[in-house]
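J.: next input, structure requested:
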Amino acid sequence: MKGKLGWRAILIAMVLLVSIVYLVPTVVGDTPVWWGNILPSDQVQLGLDLQGGMHLVLEVQTDKAVESQLDIMANDLRRTLRDDRVWVTQTQVLGKHAVLMTLKDGNDLEKLESVLEDRYPDLIVKKSEPVHDGLQVVLELTETERKRIKQFAVSQALETIRNRVDQFGVSEPDIRPQGADRLLIQLPGVREPERALALIGRTAQLEFKLVDETADIQKALEGELPPGRELLHEVRVDRETGRRSRTPMVVESRSLLTGQYVTDARVQIDSQFNEPYVALTLNPKGARLFERITEENVRRRLAIVLDDVINSAPVIQEKIPGGTARITGNFTMEEARDLAIVLRAGALPAPVIVLEERTVGPSLGKDSVRKGFLSMLVGGCIVLLFMLLYYRVGGVVADAVLLFNVVLIMAALAAFGATLTLPGIAGIILTIGMAVDANVLVFERIREELRVGKTPKAALDGGYAKAIVTILDANVTTLIVALVLFQFGTGPIRGFAVTLSIGILASLFTAVFVSRFVFDYMLIKLRLKQIPI
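T.: Next up is the predicted model:
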């Protein structure tokens, strides 16, 4: 028996030591550098309701995604028809899910229908009518394809925003769909809501386009543009005065390269001007395209366009192999870092608009923390006092293992990187009640055994043996419910389920294993003649 006490004491001491190690960063705050190198340094993370932060509801403009996809399909269809000797004189997107095509020869309608059937089954001929210069055909996306594009746009926007938020450095963000085209985003601890909002909602469509330096800028400003050209502006910000300057440029409408080929984007410092820029790394296909583009257009200016704004338009001096490029634009370090984040995470498939924005201040979060912990402290003190008065020394044991239980819960939250929310505090309070209930069951069973005249050791063995079945039944069924809540619940409900699940496992360990060790130690080592309950 003494040997069994020895290994149980070692196990309990190790669990307590590990718990303290995990709790030190939370209690102390700033730990020494050496601590983080060899020991856990993660703190208990507080949820939005406890530490403040941002609450956003975004709407994905799914109709824009359908229009964009339809435009891509129409241009691809036009190239396919040209290869099949079917000449198209006009292509125009109509509304949200239709495109108008004008065939030079009205007899080519059958060829068009054949191409659609073979290669573009999601496009159908809605109507056709002769015109003076050929045959006008209205093509429409099928309802199934429109629905698929919208669903994909929402899921891709969700993943893109999650990647951006993860790289922004927010701990335990809550990002999930809400309805058919909305996203719910909660960012605990965010202190720069404007920057976070700009980062999340930025479309970040990166394009490389050639500058047409032969075009007349004045006529372009008046709306007279050559075919296949568009007017964009290069935006510059003066660091000293903060003034923004806009320089008009005429560029080719066709994109030579887009952000879909970017595999990495990092902030680097220009050694000559000591200014930050964004270094891009392209995938193999993008590298080959960029090398060909730069080889064929030496001495021409290549505009780097982000969301229809020219960031820079350097002159191509020579062929650039290796799949690397850079974006300069008189950035601050913070602007360059945010740009690198959105380029690494990818472009949003469709624009998003903010439907709801709330900022929970740190003072409100602190007030919630204070009230939550006050309720836990008051409830815990009442329970501790009751156990102390009713069970005397046994109550002291129960109170000690109860405090051990709370330490285990907080340490587990830090170890698993879980988030403590206000409902989570409610879960801890409920766990305290369940832990006390387990001790009461054990103590009452022991008293029953003593009343029938059993020895203290036999009463202790019998009390724990009879109570363990009831304790396991109550805790296991509650644990199953907690796991179901965690699996199917949302935000606050999951926070409650996390602390409840951890608390149940901790209370089983403390109420059954730790308290039994203490009573065995009293009877064997201290040689008590009676169990003090």
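
J.: pLDDT weak spots in the stretch 151-300 of the chain?
T.: For the stretch 151-300 of the chain, the stretches with pLDDT under 70 are 169, 171-172, 203-204, 237-242.

J.: mind listing the strands for it?
T.: Assigned by DSSP state E, counting those that start in this stretch, the strands in the stretch 151-300 of the chain fall at 174-178, 182-188, 206-210, 229-237, 244-252, 257-258, 262-269, 276-282.

J.: now the helices for the stretch 101-250 of the chain?
T.: Under the criterion DSSP state H, counting those that start in this stretch, the stretch 101-250 of the chain contains helices at 109-119, 143-168, 193-201, 217-221.

J.: helices or strands next to the third one in the packing?
T.: In terms of contacts (3 or more Cβ pairs under 8 Å, 6 or more residues apart in numbering; DSSP states H and E), helix 193-201 is packed against strand 53-60, helix 143-168, helix 333-345, strand 352-360. Just so you know, the C-beta spots here come from the backbone N, C-alpha and C atoms, and that holds for glycine as well.

J.: what would these look like in CSV with distance to Asp520?
T.: Shown next, in CSV, are the helices and strands packed on helix 193-201 (distance: least, Cβ to Cβ, whole Å):
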stretch, distance to Asp520
strand 53-60, 48
helix 143-168, 49
helix 333-345, 57
strand 352-360, 49
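
J.: relative to Trp7, which of the ones you listed is closest?
T.: Ranking the helices and strands packed on helix 193-201 by proximity to Trp7 (Cβ to Cβ) places helix 143-168 first, at 43.0 Å.

J.: how far off strand 182-188 does that closest one point, in degrees?
T.: Angle of helix 143-168 versus strand 182-188, following axes from the mean of the first three to the mean of the last three Cα atoms, to 10 degrees, is 10 degrees.

J.: starting at the chain centroid, how far to helix 143-168?
T.: Here helix 143-168 is found 13 Å from its chain centre; the criterion is Cα atoms, centre = their mean, to the nearest Å.

J.: wait, Arg119 touches Asp83, no?
T.: No - with contact defined as Cβ atoms under 8 Å, Arg119 does not count as touching Asp83 (11.1 Å).

J.: so between the two, which is more surrounded?
T.: Arg119 (11 against 8; other Cβ atoms under 10 Å).

J.: and that one, how far from Arg146?
T.: 19 Å (Cβ to Cβ, to the nearest Å).

J.: what does Glu224 give?
T.: 36 Å.

J.: show the model's pLDDT score for Val514.
T.: Note for Val514: predicted pLDDT of 90.

J.: deepest of the helices and strands packed on helix 193-201, which one?
T.: strand 53-60 (a mean of 22; mean count of other Cβ atoms under 10 Å).

J.: pLDDT (mean, whole number) over it?
T.: 86.

J.: give me the contact list for whichever helix or strand comes after that strand.
T.: Using DSSP states H and E, the helix or strand that follows strand 53-60 in sequence is helix 62-83. Contacts with helix 62-83, where a contact means Cβ atoms under 8 Å, 6 or more residues apart in numbering, come from 87-88, 91, 93, 96-99, 101, 108, 111-112, 115-116, 119-120, 122-123, 139, 141, 146, 149-150, 152-154, 181, 349-351.

J.: buried members of those into ChimeraX, please.
T.: Those of the contacts of helix 62-83 that count as buried under 16 or more other Cβ atoms under 10 Å are selected in ChimeraX with:
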select :88,97,98,99,101,108,112,115,116,120,122,123,139,141,146,149,150,153,154,181,349,350,351
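
J.: which parts of the stretch 251-400 of the chain are helices?
T.: So, for the stretch 251-400 of the chain - with DSSP H, counting those that start in this stretch - the helices run 284-296, 333-345, 362-391, 393-416.
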